[in-house]
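>>> after the sequence you'll find the predicted model.
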Amino acid sequence: MKNALSLIEKLNQEKKLEMEEWIFLIENRREKIAETLFALARDIQKQHFGNKIYTRGLIEYTNYCKNNCYYCGIRRDNKSVERYRLTVEEILDCCRRGYALGFRTFVLQGGEDGYDTDERVEEIIRSVKQRYPDCAITLSLGERSYKSYLRLYQAGADRYLLRHETAQKEHYEILHPPELSEANRKQCLYNLKKIGYQTGTGFMVGSPGQTPQSLAEDLIFIQELNPHMVGIGPFVPHHETPFAKEKGGTVELTLYMLGLLRVMLPNVLLPATTALGTIDPRGREKGILAGANVVMPNLSPLGVRKKYELYDNKICTGEEAAECRQCLASRMKEIGYELVVDRGDYKEEN
Ligand code: 5AD
Ligand code: FES
């Protein structure tokens, strides 16, 4: 087996590694190796994006969810969540404020809400697109049929985020009740790509049952899927879930995985997530310096922010969108990057 540094070099050259090599890189990470990885990841990030950081305005428009994922704070069985659903008017109001602040992508995220028929989501998409034709719409509504994904795409949605959560069947079953399957999740992702969405996948770092082997499988799945976006953040326990007492993921491993992803997929859109900012006050800055190039501040109305707590202590639930935009702009500036007003579409190799 080669040493870690030569494996990082090999990854940079070939853009893929064997299972055992990934496992070795994950198990044998040291501060020095991470430093080298991050420097390389930043070089690649700079080559493709300069010092530009893209923003996406996140609108959490429903917290109803029919699923019962063991890690998630808005799971069906959490009866202490006050459920809400924004009206089309309220969603448009979020977009209006977001547009004025410089957002050119709106991420419509929700639990798997039975109220979200194709007709309802189409209406939302059409209303937003009609008023903001220069903006991209990203959906994040969980698993739906091929036909439904196709309809929403035809209604004008540009992108779709659906984290695979873990590529390993046994691990998927630790995180989810039996009615959900890793196979269906992966199929949904292939369907989204086939339809033409800019497609995002991703996983939590440090979720219960995760191993170097399962992480290696995540990287291999991502390499095969070749998505346009990858969202990763630490697992953060939520007190009203079966995983309340589990340990959370670390900043250190999350950053390392970000670095590996940037080297493997040079032009991928890679957010420094809110979860990373939640477990470390400088988490998002560190994420950017490990290779990330996107931030996704919250545009949801202040009144509902606390009701969309997927995990404990989520940041920015008390700040106005304008404050977060400002805050992030100055955080990025401090580390030499710039928030831009741009849709931030995926670009093929350049
Ligand atoms: N900690 C961190 N991330 C979480 N998510 C859900 N629950 C948690 C948690 N407890 C992530 C999942 C999901 C995304 C919307 O949020 O990966 O796909
Ligand atoms: Fe929300 Fe800093 S990004 S307060």
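Nice, thanks for sending it over. Ligands and ions are numbered 1, 2, ... in the order given.
>>> need the per-residue pLDDT for Glu90.
Glu90 is assigned 98 on the pLDDT scale.
>>> is it in contact with Pro301, as I believe?
Yes. Between Glu90 and Pro301 a contact is recorded at 6.5 Å, counting by Cβ atoms under 8 Å. For glycine as for every other residue, the C-beta is placed from the backbone atoms N, C-alpha and C.
>>> got the CA positions of the longest strand anywhere in the chain in PDB?
In the chain, with assignment by DSSP state E, the single longest strand is strand 198-205. Taking Å, rounded to 0.1, in the frame of the first residue of the first chain, the C-alpha atoms of strand 198-205 are listed here in PDB:
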ATOM      1  CA  GLN A 198     -28.400  19.500 -11.900                       C
ATOM      2  CA  THR A 199     -28.300  16.900  -9.200                       C
ATOM      3  CA  GLY A 200     -26.900  17.000  -5.700                       C
ATOM      4  CA  THR A 201     -26.300  14.100  -3.400                       C
ATOM      5  CA  GLY A 202     -24.400  13.900  -0.100                       C
ATOM      6  CA  PHE A 203     -24.200  12.400   3.300                       C
ATOM      7  CA  MET A 204     -23.700  13.200   7.000                       C
ATOM      8  CA  VAL A 205     -20.300  12.700   8.500                       C
END
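>>> can you say which helix or strand has Phe106 in it?
For Phe106, the element it lies in under DSSP states H and E is strand 105-110.
>>> what angle do that strand and strand 198-205 make?
60 degrees (axes from the mean of the first three to the mean of the last three Cα atoms, to 10 degrees).
>>> which residues does strand 105-110 contact?
Residues outside strand 105-110 that contact it (Cβ atoms under 8 Å, 6 or more residues apart in numbering) are 54-65, 91, 94-95, 98, 116, 121, 124-125, 128, 132, 135-142, 159, 161, 296, 299, 343-344.
>>> picking that back up, pull the residues that contact the longest strand of the chain.
71, 138, 158-167, 189, 192-193, 210, 215, 218, 221-222, 225, 227-235, 249-250, 253-254, 257, 269, 275, 345-346.
>>> show me which residues of this protein sit near ligand 1.
With Cβ under 6 Å from any ligand atom as the criterion, the chain meets ligand 1 at residues 71-72, 163, 165, 204, 233, 235-236, 238, 275, 310-311.
>>> switch to 8 Å and redo it
Proximity of the chain to ligand 1 (Cβ under 8 Å from any ligand atom) is limited to residues 69, 71-73, 109, 140, 161-163, 165, 202-204, 207, 231, 233-238, 241, 243, 248-249, 275, 310-312.
>>> so when I look at Phe221, I'm seeing a strand, right?
No. Applying DSSP: H, G, I helix; E, B strand; the rest coil, one finds Phe221 to be helix, outside a strand.
>>> what sits against it?
164, 167, 186, 201 are the contacts of Phe221 under Cβ under 8 Å, 6+ apart.
>>> list just the nearest of the residues you listed to ligand 2.
Nearest to ligand 2 among these is Thr201, at 24.4 Å by Cβ to the nearest ligand atom.
>>> so which strand or helix has the residue positioned nearest the centre of the chain?
Note on the chain: the residue nearest the mean C-alpha position is Gly231, at 2.7 Å, using Cα atoms, centre = their mean. Using DSSP H and E, the element containing Gly231 is strand 229-234.
>>> how far away is Ala322 from Ala244?
Per Cβ to Cβ, to the nearest Å, Ala322 is found 34 Å from Ala244.
>>> who has more neighbours out of the two?
Set Ala322 next to Ala244 and count neighbours by other Cβ atoms under 10 Å: Ala322 wins out with 13 against 10.
>>> can you show me the CA trace of the helix or strand encompassing the more buried one as PDB?
Using DSSP H and E, the element containing Ala322 is helix 321-334. Provided in PDB are the C-alpha atoms of helix 321-334 (Å, rounded to 0.1, in the frame of the first residue of the first chain):
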ATOM      1  CA  ALA A 321     -31.900  36.800   5.900                       C
ATOM      2  CA  ALA A 322     -30.200  40.200   5.400                       C
ATOM      3  CA  GLU A 323     -28.200  39.700   8.600                       C
ATOM      4  CA  CYS A 324     -27.000  36.300   7.400                       C
ATOM      5  CA  ARG A 325     -26.100  37.500   4.000                       C
ATOM      6  CA  GLN A 326     -24.100  40.400   5.600                       C
ATOM      7  CA  CYS A 327     -22.500  38.100   8.100                       C
ATOM      8  CA  LEU A 328     -21.400  35.600   5.500                       C
ATOM      9  CA  ALA A 329     -20.200  38.200   3.100                       C
ATOM     10  CA  SER A 330     -17.800  39.600   5.800                       C
ATOM     11  CA  ARG A 331     -16.800  36.100   7.000                       C
ATOM     12  CA  MET A 332     -15.900  35.200   3.400                       C
ATOM     13  CA  LYS A 333     -14.000  38.500   2.900                       C
ATOM     14  CA  GLU A 334     -12.000  37.800   6.000                       C
END
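>>> appreciated, that's everything.
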